[in-house]
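Peer 1: Sequence plus predicted model, see below.
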Amino acid sequence: MPAASVPLKRADGSAIRVLVVDDENSLTDLLKMALRYEGWEIRTADTGRKALDVAREFRPDAIVLDIMLPDIDGLSVLHRLRQQGDDVPVLFLTAKDALDDRIAGLTAGGDDYVTKPFSLEELVARLRALIRRSTLTGVTDGPVITVGDLTLDEDSHEVMRGGTPIELTATEFELLRFLMRNPRRVLSKAQILDRVWSYDFEGRASVVEIYISYLRKKIDAGRPPMIHTVRGAGYMLKAAETTP
């Protein structure tokens, strides 16, 4: 089954939450329909102030935000969100095909933009990419992720277990990073395919089994295991149990 047909979900398996902000009711209705088809939970707002209220209550995983709104503009909405410490990914909508508008939006802390008119397929693809790149799957206080005696440096791509360096391929590194950003969470093969391989990867779940096997040989060989199979559900990484 192509990975494009796999619903993108939160790491805990719940539905992605998206807030759509635009004062054109016909457009928000269209976006609601398209994004709900992805299996996502959608809320809408037609003013900047309402968007801020809904964002506080709804806690979206991504926001589709029109720059031109009837009260405060989208850039001001984003500025207030960032001031509140909210780093939710934002995809701007703009009717102006002007480079200055796009640069202003991204400089203000936005993540991407589409210019009206746009294709729904393009908007959904960009939104999926934003959600994947976000900290939705885990938060770290820097480039180094640590689980038990296993560390992964996202900047240098160095991996160590118990102080011993471990050499990984690029795909093995991405798989391990996803597992380490979700410690003690069961991740299904579909979730792993959707996150580690791009949504246009026409592979099968067996590729996940193969790469999990590769990782185990490098991470767990001769050591207490950290990567566990949860039958019928997926895989989980957790700190190895130590013998007192």
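Peer 2: Yes, it's here. Source: prediction; values computed, not measured. Numbers count the residues shown, from 1 in each chain.
Peer 1: does Leu69 really touch Thr47, like I thought?
Peer 2: Yes - taking C-beta atoms under 8 Å as the definition, Leu69 is a contact partner of Thr47 at 5.9 Å. C-beta: built from backbone N, CA, C; applies to glycine.
Peer 1: and stretch 171-181, which residues are buried?
Peer 2: Within stretch 171-181, the residues scored as buried using 16 or more other C-beta atoms under 10 Å are Glu172, Phe173, Glu174, Leu175, Leu176, Arg177, Phe178, Leu179, Met180, Arg181.
Peer 1: Likewise for stretch 155-171?
Peer 2: Going by neighbour count (16+ other C-beta under 10 Å), the buried part of stretch 155-171 is Glu158, Val159, Arg161, Ile166, Leu168.
Peer 1: now, which of these lie within helices?
Peer 2: The helices, defined by DSSP state H, take in nothing from these.
Peer 1: ok, which stretches of the protein are helices?
Peer 2: Ranges of helices in the chain, per DSSP H, are 25-37, 48-58, 74-83, 99-107, 120-133, 170-180, 189-196, 206-219.
Peer 1: Pipe the buried residues of stretch 171-181 into TSV and attach distance to Val20 and pLDDT per row.
Peer 2: Below are these laid out as TSV (distance: C-beta to C-beta, whole Å; pLDDT from 0 to 100):
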residue	distance to Val20	pLDDT
Glu172	37	86
Phe173	34	89
Glu174	30	86
Leu175	32	90
Leu176	34	94
Arg177	30	90
Phe178	27	90
Leu179	32	93
Met180	32	92
Arg181	27	87
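Peer 1: Looking at these, which is nearest His79?
Peer 2: Nearest to His79, judged by C-beta to C-beta, of these is Arg181 at 28.2 Å.
Peer 1: For the buried residues of stretch 171-181, give me a markdown table that also has distance to Asp149.
Peer 2: Listed next are the buried residues of stretch 171-181 as a markdown table, based on distance: C-beta to C-beta, whole Å:
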| residue | distance to Asp149 |
| --- | --- |
| Glu172 | 18 |
| Phe173 | 18 |
| Glu174 | 21 |
| Leu175 | 19 |
| Leu176 | 14 |
| Arg177 | 17 |
| Phe178 | 19 |
| Leu179 | 15 |
| Met180 | 12 |
| Arg181 | 17 |
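Peer 1: So which of these is the closest to Ala233?
Peer 2: Using C-beta to C-beta, the buried residues of stretch 171-181 come closest to Ala233 at Leu179, 14.1 Å.
Peer 1: how close does the closest one sit to Leu215?
Peer 2: Relative to Leu215, Leu179 is positioned 8 Å away (C-beta to C-beta, to the nearest Å).
Peer 1: who touches both of the two?
Peer 2: Ile227 (C-beta atoms under 8 Å, 6 or more residues apart in numbering).
Peer 1: bridging residues for the spatially closest residue to Gly110 that is not a sequence neighbour?
Peer 2: Excluding the flanking residues, the one nearest Gly110 by C-beta to C-beta, 6 or more residues apart in numbering is Val90, at 4.6 Å. Applying DSSP bridges to Val90 yields these beta-bridge partners: Ile63.
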